[in-house]
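K.L.:
coords please:
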Amino acid sequence: MLTAIGIQGFKSIHDIPSLELGQVNMLIGANGSGKSNLLEAVGMLSAAADGRVDSDYLLRRGVRHGVPGLYKTSLKGTEQTAIVLKAAGSWNGVEAEYEVVLDNPPENHSGTWIYVQEKLCGKILEHILRLQPLDRINLADEALARAYIREELGRSRKSIGMFRFNTDQFPETSEAKLYTALTGYKIFTPTTPVLRGIQPDIIPSEPLGLFGGRLAEAVEEILDLENESFGELDLDEVLDLLDWVGEFDIAAPSRELLSPHVPSLRSLVRFKDYWMNERHNLVSGYDASEGALYVLFTLVLALHPRTPGFFAIDNFCQSMNPRLARGLTRLFCRLMLESNPPRQALLTTHSPLVLDGLDLRDNRIRLFAVDRSHNTGGATKVSRVRLSDEVLGKGKRGMPLSLMWSMGLLGGVPDIL
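P.N.:
As a prediction, the model looks like this:
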(Lines give C-alpha, C1' and ligand atoms only; values in the text may rest on other atoms or scores of the structure.)
Protein backbone atom coordinates (compact mmCIF):
# COMPACT_ATOMS: atom_id res chain seq x y z
CA MET A 1 0.00 0.00 0.00
CA LEU A 2 1.00 3.62 -0.33
CA THR A 3 2.84 4.77 2.77
CA ALA A 4 3.45 8.45 2.01
CA ILE A 5 2.93 11.22 -0.51
CA GLY A 6 4.86 14.46 -0.97
CA ILE A 7 3.61 17.63 -2.67
CA GLN A 8 5.46 20.80 -3.52
CA GLY A 9 4.21 23.83 -5.45
CA PHE A 10 0.64 22.65 -6.22
CA LYS A 11 -2.13 25.26 -5.82
CA SER A 12 -2.25 26.30 -2.14
CA ILE A 13 0.23 23.59 -1.10
CA HIS A 14 3.68 25.14 -0.91
CA ASP A 15 5.47 22.15 0.60
CA ILE A 16 4.29 18.94 2.24
CA PRO A 17 7.50 16.88 2.30
CA SER A 18 5.91 13.62 3.42
CA LEU A 19 2.36 12.88 4.50
CA GLU A 20 2.35 9.42 6.06
CA LEU A 21 -0.79 7.55 5.10
CA GLY A 22 -2.91 4.89 6.70
CA GLN A 23 -5.56 2.78 5.01
CA VAL A 24 -8.44 5.19 5.73
CA ASN A 25 -7.30 8.82 5.78
CA MET A 26 -9.77 11.52 6.80
CA LEU A 27 -9.03 15.19 6.10
CA ILE A 28 -10.84 17.91 8.04
CA GLY A 29 -10.49 21.63 7.54
CA ALA A 30 -12.20 24.89 6.75
CA ASN A 31 -13.66 25.60 3.34
CA GLY A 32 -10.81 26.68 1.08
CA SER A 33 -8.12 25.25 3.36
CA GLY A 34 -6.77 22.96 0.63
CA LYS A 35 -8.34 19.56 1.29
CA SER A 36 -9.53 19.12 -2.28
CA ASN A 37 -6.22 20.52 -3.53
CA LEU A 38 -4.45 17.65 -1.80
CA LEU A 39 -6.74 15.11 -3.48
CA GLU A 40 -6.11 16.76 -6.84
CA ALA A 41 -2.35 16.84 -6.35
CA VAL A 42 -2.52 13.05 -6.01
CA GLY A 43 -4.66 13.04 -9.16
CA MET A 44 -1.90 14.87 -11.02
CA LEU A 45 0.63 12.40 -9.63
CA SER A 46 -1.59 9.58 -10.90
CA ALA A 47 -1.67 11.07 -14.40
CA ALA A 48 2.11 11.56 -14.36
CA ALA A 49 2.67 7.92 -13.43
CA ASP A 50 0.38 6.93 -16.30
CA GLY A 51 2.65 8.72 -18.75
CA ARG A 52 0.92 11.97 -19.64
CA VAL A 53 -0.41 15.05 -17.84
CA ASP A 54 -3.01 16.97 -19.81
CA SER A 55 -6.65 17.99 -19.42
CA ASP A 56 -8.01 14.59 -20.44
CA TYR A 57 -5.72 12.56 -18.17
CA LEU A 58 -6.49 14.88 -15.25
CA LEU A 59 -10.24 15.07 -15.77
CA ARG A 60 -10.70 11.30 -15.93
CA ARG A 61 -9.20 11.18 -12.43
CA GLY A 62 -11.54 13.85 -11.07
CA VAL A 63 -9.11 16.79 -11.18
CA ARG A 64 -10.96 19.99 -12.08
CA HIS A 65 -10.07 21.80 -15.27
CA GLY A 66 -7.73 24.70 -14.67
CA VAL A 67 -5.19 26.84 -16.47
CA PRO A 68 -1.58 25.80 -15.74
CA GLY A 69 -0.80 29.05 -13.95
CA LEU A 70 -3.45 28.25 -11.34
CA TYR A 71 -2.13 24.74 -10.73
CA LYS A 72 1.18 26.18 -9.59
CA THR A 73 1.52 27.73 -6.15
CA SER A 74 1.52 31.51 -6.34
CA LEU A 75 1.66 32.71 -2.74
CA LYS A 76 2.52 36.33 -2.06
CA GLY A 77 6.26 36.88 -1.92
CA THR A 78 7.06 33.69 -3.83
CA GLU A 79 7.72 32.87 -7.46
CA GLN A 80 6.03 30.04 -9.29
CA THR A 81 8.21 26.96 -9.75
CA ALA A 82 7.75 23.48 -11.15
CA ILE A 83 5.47 21.07 -9.30
CA VAL A 84 7.16 18.22 -7.44
CA LEU A 85 5.09 15.14 -6.55
CA LYS A 86 6.22 12.01 -4.73
CA ALA A 87 4.75 8.69 -3.64
CA ALA A 88 6.16 5.85 -1.59
CA GLY A 89 4.68 2.43 -0.98
CA SER A 90 5.46 -0.93 0.53
CA TRP A 91 4.26 -4.38 -0.53
CA ASN A 92 5.29 -7.47 1.41
CA GLY A 93 7.90 -5.39 3.19
CA VAL A 94 9.53 -4.22 -0.07
CA GLU A 95 9.49 -0.48 -0.67
CA ALA A 96 9.28 1.55 -3.88
CA GLU A 97 9.31 5.29 -4.50
CA TYR A 98 8.33 7.47 -7.44
CA GLU A 99 9.06 11.18 -7.89
CA VAL A 100 8.19 13.48 -10.76
CA VAL A 101 8.89 17.13 -11.50
CA LEU A 102 6.36 18.77 -13.84
CA ASP A 103 6.32 22.18 -15.46
CA ASN A 104 4.16 24.08 -17.88
CA PRO A 105 5.96 27.28 -18.89
CA PRO A 106 3.99 30.20 -20.39
CA GLU A 107 5.50 29.60 -23.84
CA ASN A 108 4.04 26.07 -23.89
CA HIS A 109 0.65 26.45 -25.61
CA SER A 110 -0.28 22.78 -25.89
CA GLY A 111 -1.77 22.47 -22.40
CA THR A 112 0.32 19.34 -21.85
CA TRP A 113 2.69 19.35 -18.91
CA ILE A 114 6.40 18.70 -19.44
CA TYR A 115 8.37 16.11 -17.49
CA VAL A 116 11.39 17.90 -16.09
CA GLN A 117 12.55 14.81 -14.21
CA GLU A 118 11.38 11.38 -13.07
CA LYS A 119 12.91 9.07 -10.52
CA LEU A 120 11.95 5.54 -9.63
CA CYS A 121 13.62 3.70 -6.78
CA GLY A 122 12.93 0.12 -5.84
CA LYS A 123 14.56 -3.21 -5.16
CA ILE A 124 14.37 -4.35 -8.80
CA LEU A 125 14.18 -1.33 -11.04
CA GLU A 126 16.57 1.06 -9.32
CA HIS A 127 19.42 -0.64 -11.18
CA ILE A 128 17.64 -0.39 -14.52
CA LEU A 129 15.80 2.88 -14.40
CA ARG A 130 16.78 6.31 -13.23
CA LEU A 131 14.43 8.43 -15.24
CA GLN A 132 15.30 11.80 -16.70
CA PRO A 133 14.45 13.49 -20.01
CA LEU A 134 15.34 11.20 -22.90
CA ASP A 135 18.23 13.29 -24.19
CA ARG A 136 20.07 12.60 -20.92
CA ILE A 137 19.59 8.83 -20.76
CA ASN A 138 22.88 7.03 -20.28
CA LEU A 139 24.30 4.95 -23.12
CA ALA A 140 23.92 1.93 -20.86
CA ASP A 141 20.16 2.39 -21.20
CA GLU A 142 20.25 2.38 -25.01
CA ALA A 143 17.87 -0.58 -25.37
CA LEU A 144 15.39 1.08 -23.05
CA ALA A 145 15.65 4.36 -24.96
CA ARG A 146 15.04 2.64 -28.33
CA ALA A 147 11.99 0.82 -26.97
CA TYR A 148 10.71 4.11 -25.64
CA ILE A 149 11.17 5.82 -29.03
CA ARG A 150 9.40 2.99 -30.88
CA GLU A 151 6.50 3.13 -28.48
CA GLU A 152 5.95 6.83 -28.85
CA LEU A 153 6.49 6.96 -32.63
CA GLY A 154 7.90 10.40 -32.62
CA ARG A 155 5.69 12.02 -30.00
CA SER A 156 7.17 14.77 -27.88
CA ARG A 157 9.74 13.11 -25.65
CA LYS A 158 9.43 15.49 -22.71
CA SER A 159 5.62 15.30 -22.55
CA ILE A 160 5.60 11.53 -22.02
CA GLY A 161 6.54 9.83 -18.77
CA MET A 162 8.51 6.59 -18.70
CA PHE A 163 7.25 4.91 -15.54
CA ARG A 164 4.56 2.95 -17.38
CA PHE A 165 7.04 1.53 -19.92
CA ASN A 166 9.06 -0.31 -17.32
CA THR A 167 6.70 -2.28 -15.10
CA ASP A 168 5.13 -4.86 -17.44
CA GLN A 169 8.23 -7.03 -17.37
CA PHE A 170 8.24 -7.04 -13.55
CA PRO A 171 4.52 -7.50 -12.68
CA GLU A 172 5.03 -8.79 -9.14
CA THR A 173 7.48 -6.15 -7.95
CA SER A 174 6.69 -3.33 -5.56
CA GLU A 175 7.47 -0.93 -8.40
CA ALA A 176 4.69 -2.43 -10.52
CA LYS A 177 2.27 -2.41 -7.58
CA LEU A 178 3.10 1.25 -6.94
CA TYR A 179 2.33 1.99 -10.59
CA THR A 180 -1.01 0.16 -10.38
CA ALA A 181 -2.02 1.92 -7.17
CA LEU A 182 -1.20 5.36 -8.51
CA THR A 183 -2.65 5.02 -12.00
CA GLY A 184 -5.96 3.58 -10.77
CA TYR A 185 -6.58 6.54 -8.46
CA LYS A 186 -9.85 8.49 -8.87
CA ILE A 187 -11.56 11.29 -6.97
CA PHE A 188 -15.28 10.65 -6.48
CA THR A 189 -17.51 13.68 -5.87
CA PRO A 190 -21.09 12.39 -5.95
CA THR A 191 -23.91 14.81 -6.79
CA THR A 192 -27.58 14.30 -6.07
CA PRO A 193 -29.04 14.59 -9.63
CA VAL A 194 -26.57 12.02 -10.95
CA LEU A 195 -27.21 9.65 -8.05
CA ARG A 196 -30.95 9.97 -8.62
CA GLY A 197 -30.45 8.73 -12.18
CA ILE A 198 -31.97 11.76 -13.88
CA GLN A 199 -28.72 13.31 -15.07
CA PRO A 200 -25.82 11.59 -16.86
CA ASP A 201 -22.35 11.50 -15.37
CA ILE A 202 -19.94 13.68 -17.35
CA ILE A 203 -17.00 11.51 -16.22
CA PRO A 204 -18.17 7.90 -16.62
CA SER A 205 -16.12 5.07 -15.20
CA GLU A 206 -16.59 1.72 -13.48
CA PRO A 207 -17.89 0.63 -11.13
CA LEU A 208 -19.20 4.18 -10.56
CA GLY A 209 -18.92 7.43 -12.43
CA LEU A 210 -16.99 10.11 -10.60
CA PHE A 211 -20.20 12.06 -9.91
CA GLY A 212 -22.24 9.00 -8.99
CA GLY A 213 -23.17 7.63 -12.40
CA ARG A 214 -23.93 3.92 -12.80
CA LEU A 215 -25.21 3.74 -9.22
CA ALA A 216 -28.17 1.55 -10.18
CA GLU A 217 -26.01 -0.75 -12.31
CA ALA A 218 -23.30 -1.02 -9.64
CA VAL A 219 -25.87 -1.77 -6.92
CA GLU A 220 -27.41 -4.47 -9.11
CA GLU A 221 -23.99 -6.06 -9.69
CA ILE A 222 -23.42 -6.73 -5.97
CA LEU A 223 -26.99 -7.03 -4.66
CA ASP A 224 -28.09 -10.62 -4.04
CA LEU A 225 -31.69 -10.60 -2.80
CA GLU A 226 -31.92 -14.39 -2.74
CA ASN A 227 -29.06 -14.66 -0.26
CA GLU A 228 -29.89 -11.33 1.40
CA SER A 229 -26.42 -9.91 0.83
CA PHE A 230 -24.87 -6.77 -0.55
CA GLY A 231 -21.42 -7.73 -1.71
CA GLU A 232 -19.74 -9.33 1.29
CA LEU A 233 -22.14 -7.52 3.63
CA ASP A 234 -25.31 -8.90 5.18
CA LEU A 235 -28.20 -6.96 3.68
CA ASP A 236 -29.63 -6.26 7.14
CA GLU A 237 -26.58 -4.15 7.95
CA VAL A 238 -27.42 -1.88 5.03
CA LEU A 239 -31.09 -1.68 6.00
CA ASP A 240 -30.14 -0.85 9.60
CA LEU A 241 -28.67 2.41 8.27
CA LEU A 242 -31.85 3.19 6.31
CA ASP A 243 -34.59 2.83 8.90
CA TRP A 244 -37.43 3.80 6.54
CA VAL A 245 -36.41 1.27 3.86
CA GLY A 246 -37.98 -2.18 3.97
CA GLU A 247 -36.03 -3.36 0.93
CA PHE A 248 -34.51 -2.04 -2.28
CA ASP A 249 -33.77 -3.32 -5.76
CA ILE A 250 -33.21 -2.10 -9.32
CA ALA A 251 -36.01 -1.38 -11.76
CA ALA A 252 -36.55 0.10 -15.20
CA PRO A 253 -38.18 3.54 -15.35
CA SER A 254 -41.98 3.35 -15.46
CA ARG A 255 -45.02 5.59 -15.13
CA GLU A 256 -45.60 4.09 -11.67
CA LEU A 257 -42.19 5.33 -10.50
CA LEU A 258 -41.55 8.50 -12.49
CA SER A 259 -43.53 11.35 -13.92
CA PRO A 260 -43.29 11.42 -17.75
CA HIS A 261 -41.82 14.92 -17.35
CA VAL A 262 -38.76 13.60 -15.50
CA PRO A 263 -35.80 12.51 -17.67
CA SER A 264 -34.35 9.15 -16.74
CA LEU A 265 -31.55 6.76 -17.49
CA ARG A 266 -31.97 3.06 -18.23
CA SER A 267 -32.39 1.85 -14.66
CA LEU A 268 -33.18 3.25 -11.23
CA VAL A 269 -32.72 2.27 -7.62
CA ARG A 270 -36.15 1.41 -6.24
CA PHE A 271 -36.97 1.53 -2.51
CA LYS A 272 -39.89 0.07 -0.60
CA ASP A 273 -40.95 2.50 2.13
CA TYR A 274 -41.51 0.47 5.30
CA TRP A 275 -44.12 2.89 6.65
CA MET A 276 -46.33 3.32 3.57
CA ASN A 277 -49.27 1.14 2.55
CA GLU A 278 -48.54 -1.52 -0.04
CA ARG A 279 -50.32 0.22 -2.92
CA HIS A 280 -48.06 3.28 -2.77
CA ASN A 281 -44.86 2.21 -1.03
CA LEU A 282 -42.45 2.00 -3.98
CA VAL A 283 -40.31 5.06 -4.72
CA SER A 284 -37.43 5.55 -7.11
CA GLY A 285 -34.18 7.28 -6.39
CA TYR A 286 -35.76 10.42 -7.84
CA ASP A 287 -38.27 10.65 -4.96
CA ALA A 288 -36.28 8.93 -2.22
CA SER A 289 -34.18 10.53 0.48
CA GLU A 290 -30.88 11.61 -1.05
CA GLY A 291 -29.11 10.33 2.06
CA ALA A 292 -30.07 6.77 1.11
CA LEU A 293 -28.43 7.20 -2.29
CA TYR A 294 -25.22 8.51 -0.74
CA VAL A 295 -25.18 5.52 1.61
CA LEU A 296 -25.45 3.08 -1.29
CA PHE A 297 -22.82 4.99 -3.26
CA THR A 298 -20.35 4.83 -0.37
CA LEU A 299 -20.95 1.14 0.32
CA VAL A 300 -20.57 0.27 -3.36
CA LEU A 301 -17.09 1.83 -3.32
CA ALA A 302 -16.19 -0.20 -0.24
CA LEU A 303 -17.56 -3.48 -1.60
CA HIS A 304 -17.51 -3.61 -5.40
CA PRO A 305 -14.75 -5.83 -6.86
CA ARG A 306 -13.91 -3.23 -9.54
CA THR A 307 -13.38 -0.34 -7.14
CA PRO A 308 -9.84 1.08 -7.50
CA GLY A 309 -7.34 -0.03 -4.88
CA PHE A 310 -6.66 3.64 -4.10
CA PHE A 311 -9.38 6.27 -4.36
CA ALA A 312 -10.72 9.47 -2.81
CA ILE A 313 -14.18 10.75 -1.85
CA ASP A 314 -14.51 14.50 -1.62
CA ASN A 315 -17.07 15.64 0.98
CA PHE A 316 -17.62 12.23 2.55
CA CYS A 317 -21.03 11.67 4.18
CA GLN A 318 -22.64 14.79 2.75
CA SER A 319 -26.44 15.10 2.89
CA MET A 320 -26.68 12.80 5.90
CA ASN A 321 -28.11 13.12 9.38
CA PRO A 322 -25.17 13.31 11.83
CA ARG A 323 -25.93 9.93 13.40
CA LEU A 324 -26.25 8.30 9.99
CA ALA A 325 -22.89 9.81 9.04
CA ARG A 326 -21.32 8.33 12.17
CA GLY A 327 -22.82 4.88 11.57
CA LEU A 328 -21.83 4.83 7.91
CA THR A 329 -18.28 5.91 8.76
CA ARG A 330 -17.91 3.03 11.21
CA LEU A 331 -19.18 0.53 8.65
CA PHE A 332 -17.08 1.99 5.81
CA CYS A 333 -13.91 1.79 7.91
CA ARG A 334 -14.64 -1.80 8.87
CA LEU A 335 -15.20 -2.82 5.26
CA MET A 336 -12.05 -1.04 4.11
CA LEU A 337 -9.91 -2.74 6.75
CA GLU A 338 -11.43 -6.12 5.85
CA SER A 339 -10.96 -5.65 2.10
CA ASN A 340 -8.88 -8.25 0.27
CA PRO A 341 -6.83 -7.20 -1.56
CA PRO A 342 -6.47 -4.14 0.68
CA ARG A 343 -7.97 -0.85 -0.40
CA GLN A 344 -6.93 2.62 0.59
CA ALA A 345 -8.93 5.86 0.68
CA LEU A 346 -8.44 9.59 1.06
CA LEU A 347 -11.57 11.30 2.38
CA THR A 348 -12.61 14.87 3.15
CA THR A 349 -15.55 15.85 5.32
CA HIS A 350 -17.36 18.78 6.91
CA SER A 351 -19.56 16.54 9.08
CA PRO A 352 -18.35 16.53 12.72
CA LEU A 353 -19.93 13.21 13.69
CA VAL A 354 -17.92 11.44 11.00
CA LEU A 355 -15.01 11.78 13.43
CA ASP A 356 -16.92 9.81 16.06
CA GLY A 357 -17.06 6.90 13.61
CA LEU A 358 -13.25 6.75 13.37
CA ASP A 359 -11.39 4.39 15.68
CA LEU A 360 -8.11 6.30 15.91
CA ARG A 361 -6.67 3.63 18.19
CA ASP A 362 -6.20 1.61 15.00
CA ASN A 363 -3.12 3.01 13.26
CA ARG A 364 -4.61 2.10 9.88
CA ILE A 365 -7.22 4.84 10.40
CA ARG A 366 -5.78 8.35 10.44
CA LEU A 367 -7.18 11.84 10.91
CA PHE A 368 -5.51 14.93 9.49
CA ALA A 369 -6.27 18.60 10.16
CA VAL A 370 -5.81 20.88 7.17
CA ASP A 371 -5.19 24.56 7.90
CA ARG A 372 -4.46 27.68 5.93
CA SER A 373 -4.10 30.99 7.76
CA HIS A 374 -1.90 34.02 8.45
CA ASN A 375 0.26 31.73 10.57
CA THR A 376 1.04 29.59 7.52
CA GLY A 377 1.45 32.51 5.13
CA GLY A 378 -1.62 31.29 3.27
CA ALA A 379 -0.04 27.92 2.49
CA THR A 380 -1.90 24.70 3.20
CA LYS A 381 -0.47 22.77 6.13
CA VAL A 382 -1.50 19.26 7.10
CA SER A 383 -0.97 17.77 10.55
CA ARG A 384 -1.99 14.39 11.89
CA VAL A 385 -4.38 14.36 14.83
CA ARG A 386 -3.06 11.81 17.28
CA LEU A 387 -4.61 10.31 20.40
CA SER A 388 -2.47 12.23 22.85
CA ASP A 389 -3.03 11.97 26.58
CA GLU A 390 -4.93 15.24 26.41
CA VAL A 391 -7.27 13.96 23.68
CA LEU A 392 -7.79 10.65 25.48
CA GLY A 393 -8.47 12.50 28.73
CA LYS A 394 -11.16 14.63 27.14
CA GLY A 395 -12.68 11.52 25.59
CA LYS A 396 -12.87 9.82 28.97
CA ARG A 397 -14.67 12.86 30.35
CA GLY A 398 -17.36 12.47 27.73
CA MET A 399 -16.12 14.88 25.04
CA PRO A 400 -16.27 13.18 21.62
CA LEU A 401 -13.96 14.05 18.75
CA SER A 402 -16.82 15.81 16.97
CA LEU A 403 -17.15 18.28 19.82
CA MET A 404 -13.39 18.72 20.11
CA TRP A 405 -13.26 19.60 16.41
CA SER A 406 -16.18 22.03 16.67
CA MET A 407 -14.47 23.73 19.63
CA GLY A 408 -11.26 24.15 17.65
CA LEU A 409 -9.20 21.75 19.76
CA LEU A 410 -8.09 19.60 16.80
CA GLY A 411 -7.34 22.29 14.23
CA GLY A 412 -9.00 22.34 10.84
CA VAL A 413 -11.52 25.11 11.65
CA PRO A 414 -11.98 28.61 10.24
CA ASP A 415 -11.08 31.65 12.33
CA ILE A 416 -14.71 32.67 12.76
CA LEU A 417 -16.33 33.39 16.10
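K.L.:
in terms of contact, does L358 touch I365 like I think?
P.N.:
Yes - in terms of Cβ atoms under 8 Å, L358 counts as a neighbour of I365; the distance is 5.4 Å. (Glycine included, C-beta is placed from N, CA and C.)
K.L.:
Touching both of the two, which residues are there?
P.N.:
Overlap of the contact sets of L358 and I365 (by Cβ atoms under 8 Å, 6 or more residues apart in numbering) consists of V24, M26, C333.
K.L.:
Near the first one, how many residues? Count them for me, please.
P.N.:
One way to gauge burial is a neighbour count; for V24, by other Cβ atoms under 10 Å, it gives 24.
K.L.:
Which strands or helices does whichever strand or helix holds L299 pack on?
P.N.:
Element membership for L299, per DSSP states H and E: helix 290-303. Judged by 3 or more Cβ pairs under 8 Å, 6 or more residues apart in numbering; DSSP states H and E, the packing partners of helix 290-303 are helix 192-196, helix 215-222, helix 235-241, strand 245-251, strand 268-273, strand 310-313, helix 322-338.
K.L.:
which parts of the fourth one are buried?
P.N.:
Translated: strand 245-251. Buried residues in strand 245-251, defined by neighbour count with 16 or more other Cβ atoms under 10 Å: V245, F248, I250, A251.
K.L.:
now swap in the fifth one and tell me
P.N.:
Buried residues in strand 268-273, defined by neighbour count with 16+ other Cβ under 10 Å: L268, V269, R270, F271, D273.
K.L.:
report the angle between the axes of it and strand 245-251?
P.N.:
160 degrees (axes from the mean of the first three to the mean of the last three Cα atoms, to 10 degrees).
K.L.:
Identify all contacting residues around strand 268-273.
P.N.:
Under Cβ under 8 Å, 6+ apart, the answer for strand 268-273 is 197, 215-216, 219, 242, 244-253, 257-258, 281-286, 288, 292-293, 296.
K.L.:
Roughly how far does the nearest residue to D240 once chain neighbours are set aside sit from V354?
P.N.:
Leaving out its chain neighbours, the residue that sits closest to D240 by Cβ to Cβ, 6 or more residues apart in numbering is G327, at 7.9 Å. In this view, G327 and V354 are 10 Å apart by Cβ to Cβ, to the nearest Å.
K.L.:
Those two: which is more packed in?
P.N.:
V354 (27 against 20).
K.L.:
you'd agree that one is up against R326?
P.N.:
Yes - counting by Cβ under 8 Å, V354 does reach R326; the two are 6.7 Å apart.
K.L.:
what comes up buried for stretch 333-353?
P.N.:
Quick answer for stretch 333-353 (16+ other Cβ under 10 Å): 333-337, 339, 343-349, 351-353.
K.L.:
For that stretch, measure first residue to last.
P.N.:
This stretch, stretch 333-353, spans 14 Å end to end (Cα to Cα, to the nearest Å).
K.L.:
And stretch 172-190, by the same measure?
P.N.:
Stretch 172-190 has an end-to-end distance of 34 Å (Cα to Cα).
K.L.:
could you give me the average pLDDT of that stretch?
P.N.:
Averaged over stretch 172-190, pLDDT sits at 94.
K.L.:
Spatially central residue in this protein, please.
P.N.:
Compute the mean C-alpha point of the chain, and by Cα atoms, centre = their mean the closest residue is A312, 1.2 Å away.
K.L.:
H350: what's it in contact with?
P.N.:
Contacts of H350 (Cβ under 8 Å, 6+ apart): I28, N31, N315, Q318.
K.L.:
What score does it have for pLDDT?
P.N.:
The model's pLDDT for H350 equals 96.
K.L.:
Any figure for the gap between it and S33?
P.N.:
Taking Cβ to Cβ, one finds H350 at 11 Å from S33.
K.L.:
where in the stretch 301-417 of the chain is pLDDT low?
P.N.:
396, 417 (pLDDT under 70).
K.L.:
Neighbours of the nearest residue to S229 once chain neighbours are set aside, how many?
P.N.:
Excluding the flanking residues, the one nearest S229 by Cβ to Cβ, 6+ apart is L235, at 5.7 Å. By other Cβ under 10 Å, 17 other residues sit near L235.
K.L.:
For L235, which residues are in contact?
P.N.:
So L235 contacts L223, L225, E228, S229 (Cβ under 8 Å, 6+ apart).
K.L.:
May I have the secondary structure class of the residue nearest to Y294 when sequence neighbours are not counted?
P.N.:
Closest residue to Y294 apart from its sequence neighbours, by Cβ to Cβ, 6+ apart: S319 at 5.4 Å. Each residue gets one of three states, and S319 gets coil by DSSP: H, G, I helix; E, B strand; the rest coil.
K.L.:
my guess is S319 contacts T192, does it?
P.N.:
Yes - under the criterion of Cβ under 8 Å, S319 makes contact with T192 at 6.9 Å.
K.L.:
if I look at the residue of the chain most remote from its centre, how far off is E247?
P.N.:
Largest separation from the mean C-alpha position in the chain: R279, at 41.4 Å (Cα atoms, centre = their mean). In this view, R279 and E247 are 16 Å apart by Cβ to Cβ.
K.L.:
what's the answer for G291, then?
P.N.:
17 Å.
K.L.:
How about R366?
P.N.:
For R366, the distance to E247 - Cβ to Cβ - is 36 Å.
K.L.:
what about the spatially closest residue to the residue nearest to the centre of the chain that is not a sequence neighbour, distance to F188?
P.N.:
Leaving aside its sequence neighbours, A312 sits nearest to L346 (Cβ to Cβ, 6+ apart; 4.1 Å). To F188, L346 is 10 Å away according to Cβ to Cβ.
K.L.:
which residues do these two both contact?
P.N.:
The contact lists of L346 and F188 share F311, A312, I313, where a contact means Cβ under 8 Å, 6+ apart.
K.L.:
Take those and write them to TSV, including distance to L19.
P.N.:
Below are those laid out as TSV (distance: Cβ to Cβ, whole Å):
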residue	distance to L19
F311	17
A312	13
I313	17
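K.L.:
Thanks again, I'm all set now.
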